[in-house]
Each structure stands twice: as structure tokens, then as C-alpha cells.
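Visitor: coordinates only, sequence not included:
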């Protein structure tokens, strides 16, 4: 027999409220996302890589590899001797005092320029001061003036040659110096001893080397 206690209807349980921890965590995530978006909006974008082409620029990069033509005429001159030839200890007794070493260097440079394609006229002169070489270039319409200056060493140095052969290249009409340097009488190779050559060979090599430098200067791409 059922009692009144057994017939009593069970009471429904009230739903348990959510805890405060999940709500707090959600609020923190929202704040972090807003702060991150604000920081990224004000950040400066990194520069593009050097190899990356600019947007919208699809044209291929053009390199001017064209070389200029050689001028048709040259004048090769040498400066007057300064007396260092007579006092240099590197010139042996086998060379008389009247040996024209300037002519050796001048002749080698002249022949090297004369053998170039397109060159029609190459002349030479001796004992020409620098100022006179400049005036000569100013009076020329197409001939470039190559001025050579030979000076002999007086003490033992690390140089492979006992002399310095300097050159200046004067532009026609203006007389402006467009190039200068020294001719190499000996081509040294790293790790190998310096070849033993005569003074004549060294002067010829230096003159030809200057001709090569002049050609390189006048034919390089603008």
C-alpha cells in the first residue's frame, strides 16, 4: 500500500548557473584580439626584397652593353728626360748615355695603336712638355694626344721595373685630361716569381699596356 510519502511528486532541480571563469576568459580573448588588430593596423610593412619588381613595372631591365668606336687618330708624345736616367743604379753599363729609352716606350705604344681596326693616323713626337701636349690636343679636331713621361727609380723599391712610365690622355679640342695611369712593364702572377726580362722588353710592355688602357677608356660603354 502506498503511503502519502511515496505519492509525493519529486521536485524539479533548478538549473546550475554558469561559473564566472569562462566568461572572464572570453572577455580576455576579445580584448587581446582587439589589441592585436590595432597594433597590426599601425605597423609599417617591411620593404620588399631587392629582387622583387615594383608593382605594375613589368618591363625587362635593359643593360647598355654597346661599346663606343675608336677615334680615327692619335698623337703619341714623350716628355723631355729629367736626368734620372744618368743617375739611376738600375741601368747597366751596357747602355750608353745616349740610349733613347723614351723612344722604346713611345714606339711600342704607337705600333699598338696603329694596328687597331678603324685607326687611320698615328704620329709621334719627342721631348714634348705637358703644357705643349695639352695645347696640341686643343688644336686637333679628332686626334687624341697620349703623353708619356718616363722616370727612373733611384733606390731599391718593391716595384718589378726600375722605372715609372706615366701617361695622360688629352681630349681633342678641349685639351681635357680624361684618363691617366702607369704602364706595367712586367705582368706579375700571384705565387710565381717575377720573370727576368731586359729593360727594352719592360719598356715595350709598358708602352703596349698604356695603349690597351687608352683603348679601354675610349671604347667603354657610356
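Guide: Noted; the coordinates are in hand. Small disclaimer: the values here were computed from a predicted structure and weren't measured.
Visitor: Phi first, then psi, for residue 78.
Guide: With angles defined as degrees, to the nearest 10, residue 78 sits at phi -120, psi 150.
Visitor: pLDDT at the closest residue in space to residue 134 that isn't next to it in sequence, what is it?
Guide: Closest residue in space to residue 134, ignoring its immediate chain neighbours: residue 175 at 4.3 Å, by C-beta to C-beta, 6 or more residues apart in numbering. Quick note: C-beta positions are derived from backbone N, CA and C, even for glycine. If you check residue 175, the pLDDT there is 97.
Visitor: which regions of the chain sit below the pLDDT cut-off?
Guide: In the predicted model of the chain, residues 1-66, 156, 188-195 satisfy pLDDT under 70.
Visitor: for it, what spans make up the strands?
Guide: Using DSSP state E, the strands of the chain run over 73-78, 121-125, 143-152, 163-170, 177-182.
Visitor: Ok, which of those comes nearest residue 93?
Guide: Nearest to residue 93 among the strands of the chain is strand 143-152; the distance by C-beta to C-beta comes to 15.1 Å.
Visitor: Residue 118 is in contact with residue 69, isn't it?
Guide: Yes: proximity of residue 118 to residue 69 meets the contact threshold set by C-beta atoms under 8 Å, at 6.3 Å.
Visitor: Would you confirm that the residue nearest to residue 134 contacts residue 138?
Guide: Yes: with contact defined as C-beta under 8 Å, residue 175 and residue 138 form a contacting pair (4.1 Å).
Visitor: who's the closest residue in space to residue 143 that isn't next to it in sequence bridged to?
Guide: Distance criterion C-beta to C-beta, 6+ apart; nearest residue to residue 143, sequence neighbours excluded, is residue 73 at 3.7 Å. In this structure, residue 73 bridges to residue 121, residue 143 when assessed by DSSP bridges.
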